[in-house]
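Participant: Show me the folded form of this:
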Amino acid sequence: MFKRILIANRGEIALRVIRACRELGVESVVAYSEADRGARYLELADRAVCIGPARSDQSYLKVDRIISAAEKCDVEAIHPGYGFLSENSQFAEKCRDSGYEFIGPSVEAMERLGDKNTARSIARKCGVPVVPGSDGLVETEAQALSVARAIGYPVLVKASAGGGGRGIRQANDDSGLKRALHEAAQEAAAAFGNPAVYIEKFIENPRHVEAQLLADNYGNVIHLWERDCSLQRRRQKLIELTPAPKLTSKTRKALCESAVRIAKEAGYSNAGTVEFIVDKNGQYYFIEMNARIQVEHPVTEMATGIDLIQQQIRLAAGEKLSIEQKDVVHRGFAMECRINAEDVEHNFRPCPGVIEQMIVPGGFGVRFDSHAYPGYAVSSHYDSMIGKLLVQRATREEGLATMIRALEEFKIEGIKTSIPILLKILKSAEFSANVPDVGFIERYFMN
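Facilitator: Below you'll find the predicted structure:
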């Protein structure tokens, strides 16, 4: 086991890793920016090191400053959290070249799976369904038009690199495709430094279902069942839950086993998530793999009782998986609601400011993961998430009742948050009557 780990991230996930380290008897060092100076979570680490100004491109995305902090503090490993550099294979390679274990997959696996076109090829090789589309990258307008006409409109033009909903455009006809090609490539180049794109058939009103995996360095891979992340706005998740509603036991098992096959074929290790879309007929299709811990990982922790962050650290330290597939027991229903500093009434715009008061809900089956507190200043420099409210109960009905009760107890003053829209969604007749898909919130709650 490691003696000391550098956490190259901030906020909620930094605190989550600090706690996991403490329970494992591992010292933690947190790299922080000037915007996060004085945050209380830093006090819980064994040491904290400033790595630059508030702007993330001058701090949390600055590889040389992170490596310098690792050298200064004599750590053995670096945990990237999620976001920032967590899926950057060059950062992972720099960590290992500098003598620090990167708490994540190998560089080779990250590169194979980070390129969505290559990842689709791996899925095909494993016999996992992929969305109909181009066999590889589309490099010319004529090629794109040929593919789109063959599979039929509407189609999606998607960036081969990156994620988070960037570099994706829908096209409904030839002229729209020409615009989409230019816009998607331009956004992908700006966001990921790679303008490469490919084409997929647009699946109308799909659901977003993902499988959580753990894999060691010795070829052992297990799944921890699935999460449904369909409740999104602008491709950003708001609510995640497990088990996925209206997914047959046969499809659920096949989807999770497909994820395991992809990870094995890619030589994947550590924690990862394989993402699928599910159409109205219940057919699932592979879309991508996230080579990192997910924001919503506590949903799986609540449902299985397995600490994913501790598992990440153990696996990176070279331990074999201590859990076999038969040991993974799914316990009832679990759900997460993201509490964001956003002004829902004004198009979900970020709402930075000082939290004047915060009353956090509790009770049976309730968990809140957050670094925020009364007096904490939500910065305009970073993601607007304040924390994650989770519940775990025996049944979906009990879980929804507990989540609604907890959201009603939750009081935050000084800034506007996503709590009102979360309550509106969960109490709505539309939510009760439908199995939500990725367009659900836009259709019913963003008019």
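Participant: all strands of the stretch 1-150 of the chain, in order?
Facilitator: In the stretch 1-150 of the chain, the strands defined using DSSP state E, counting those that start in this stretch lie at 4-7, 27-33, 47-52, 77-79, 101-102.
Participant: how far away is the spatially most central residue of the chain from Ile359?
Facilitator: Centroid-nearest residue in the chain: Gln294, 3.4 Å away (criterion: C-alpha atoms, centre = their mean). For Gln294, the distance to Ile359 (C-beta to C-beta, to the nearest Å) stands at 28 Å. Any C-beta I mention is one placed from the backbone N, CA and C, and that applies to glycine too.
Participant: And Phe202, by the same measure?
Facilitator: 43 Å.
Participant: In terms of neighbours, single out the busier of these two.
Facilitator: Just comparing Phe202 and Ile359: by other C-beta atoms under 10 Å the higher neighbour count belongs to Phe202, 17 against 11.
Participant: Just give the nearest non-adjacent residue to the more buried one, would you?
Facilitator: Pro154 (4.0 Å; C-beta to C-beta, 6 or more residues apart in numbering).
Participant: try Ala377
Facilitator: Nearest to Ala377 is Val354, by C-beta to C-beta, 6+ apart, at 5.0 Å.
Participant: okay, that neighbour: pLDDT?
Facilitator: Looking at Val354, its pLDDT stands at 97.
Participant: what residues are up against it?
Facilitator: Gly375, Tyr376, Ala377, Val378, Gly414, Ile415 (C-beta atoms under 8 Å, 6 or more residues apart in numbering).
Participant: now the strands for the stretch 301-447 of the chain?
Facilitator: 333-340, 342-343, 349-350, 353-354, 357-359, 366-370, 377-378, 385-393, 411-413.
Participant: Now these in a markdown table, please, with extra columns for distance to Gln311.
Facilitator: Listed next are those as a markdown table, based on distance: least, C-beta to C-beta, whole Å:
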| stretch | distance to Gln311 |
| --- | --- |
| strand 333-340 | 17 |
| strand 342-343 | 32 |
| strand 349-350 | 33 |
| strand 353-354 | 36 |
| strand 357-359 | 30 |
| strand 366-370 | 17 |
| strand 377-378 | 30 |
| strand 385-393 | 18 |
| strand 411-413 | 32 |
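Participant: how about the nearest residue to Arg55 once chain neighbours are set aside, what does it touch?
Facilitator: For Arg55, ignoring the flanking residues on the chain, the nearest one in space by C-beta to C-beta, 6+ apart is His381 at 6.4 Å. Neighbour list for His381: Ser33, Ala35, Ala54, Arg55, Ser56 [criterion: C-beta under 8 Å, 6+ apart].
Participant: Can you check the pLDDT for His381?
Facilitator: 94.
Participant: what do you get for the one 3 residues further on?
Facilitator: The score at Ser384 is 93. That number is its pLDDT.
Participant: Tell me how many other residues surround the closest residue to Glu319 other than its chain neighbours.
Facilitator: In space, Glu319 comes closest to Asp216 once its chain neighbours are excluded; the distance is 7.1 Å by C-beta to C-beta, 6+ apart. Residues contacting Asp216 under the criterion other C-beta under 10 Å number 20.
Participant: need the contact list for Asp216.
Facilitator: Ser269, Leu315, Glu319, Lys320, Leu321.
Participant: Drop anything exposed from these.
Facilitator: Buried members of the contacts of Asp216, scored by 16 or more other C-beta atoms under 10 Å, are Ser269, Leu315, Leu321.
Participant: Make a markdown table from those and add pLDDT and distance to Phe410 to it.
Facilitator: Output for the buried ones among the contacts of Asp216, formatted as a markdown table (pLDDT from 0 to 100; distance: C-beta to C-beta, whole Å):
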| residue | pLDDT | distance to Phe410 |
| --- | --- | --- |
| Ser269 | 98 | 38 |
| Leu315 | 98 | 34 |
| Leu321 | 98 | 37 |
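Participant: Now flag whichever of the residues you listed is closest to Glu257.
Facilitator: Leu321 (16.6 Å; C-beta to C-beta).
Participant: about what we covered before: phi, psi of the residue nearest to Glu319?
Facilitator: The phi/psi pair for Asp216 (degrees, to the nearest 10) reads phi -100, psi -180.
Participant: Same question for the one 5 residues further on.
Facilitator: Note on Val221: backbone dihedrals following degrees, to the nearest 10 are phi -130, psi 130.
Participant: List the beta-bridge partners for it.
Facilitator: In this structure, Val221 bridges to Ala215 when assessed by DSSP bridges.
Participant: so what's it up against?
Facilitator: Here Val221 is in contact with Leu213, Leu214, Ala215, Val260, Ala263, Lys264, Tyr268 (C-beta under 8 Å, 6+ apart).
Participant: Now with 6 Å, please.
Facilitator: Ala215, Val260, Ala263, Lys264 (C-beta atoms under 6 Å, 6 or more residues apart in numbering).
Participant: Give me the buried entries from the residues you listed.
Facilitator: Buried residues within those, counting neighbours by 16+ other C-beta under 10 Å: Ala215, Val260, Ala263.
Participant: Pretty sure the first one sits against Ala266.
Facilitator: By that I understand Ala215. No: judged on C-beta atoms under 6 Å, Ala215 makes no contact with Ala266 at a distance of 9.5 Å.
Participant: re earlier: tabulate the buried ones among the contacts of Val221 (JSON lines), appending pLDDT and distance to Phe192.
Facilitator: Output for the buried ones among the contacts of Val221, formatted as JSON lines (pLDDT from 0 to 100; distance: C-beta to C-beta, whole Å):
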{"residue": "Ala215", "pLDDT": "98", "distance to Phe192": "25"}
{"residue": "Val260", "pLDDT": "98", "distance to Phe192": "28"}
{"residue": "Ala263", "pLDDT": "98", "distance to Phe192": "23"}
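Participant: before we move on, back to that, and the residue nearest to Glu319, how far from Cys21?
Facilitator: For Asp216 relative to Cys21 (C-beta to C-beta), the value is 20 Å.
Participant: swap in Asp115?
Facilitator: From Asp115 across to Cys21, the span is 32 Å (C-beta to C-beta).
Participant: picking that back up, and Gly305, which of the strands of the stretch 1-150 of the chain is closest to it?
Facilitator: Judging the strands of the stretch 1-150 of the chain by C-beta to C-beta, what sits closest to Gly305 is strand 77-79, at 21.8 Å.
Participant: circling back: can you add distance to Ile441 and give the contacts of Asp216 back as a markdown table?
Facilitator: Conversion of the contacts of Asp216 to a markdown table gives the following (distance: C-beta to C-beta, whole Å):
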| residue | distance to Ile441 |
| --- | --- |
| Ser269 | 35 |
| Leu315 | 35 |
| Glu319 | 41 |
| Lys320 | 42 |
| Leu321 | 37 |
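Participant: Where helices are concerned, which of these count?
Facilitator: The helices, defined by DSSP state H, take in Leu315 from the contacts of Asp216.
Participant: where among the strands of the stretch 301-447 of the chain is the average confidence lowest?
Facilitator: Averaging pLDDT over each of those puts strand 349-350 lowest, since it has a mean of 92.
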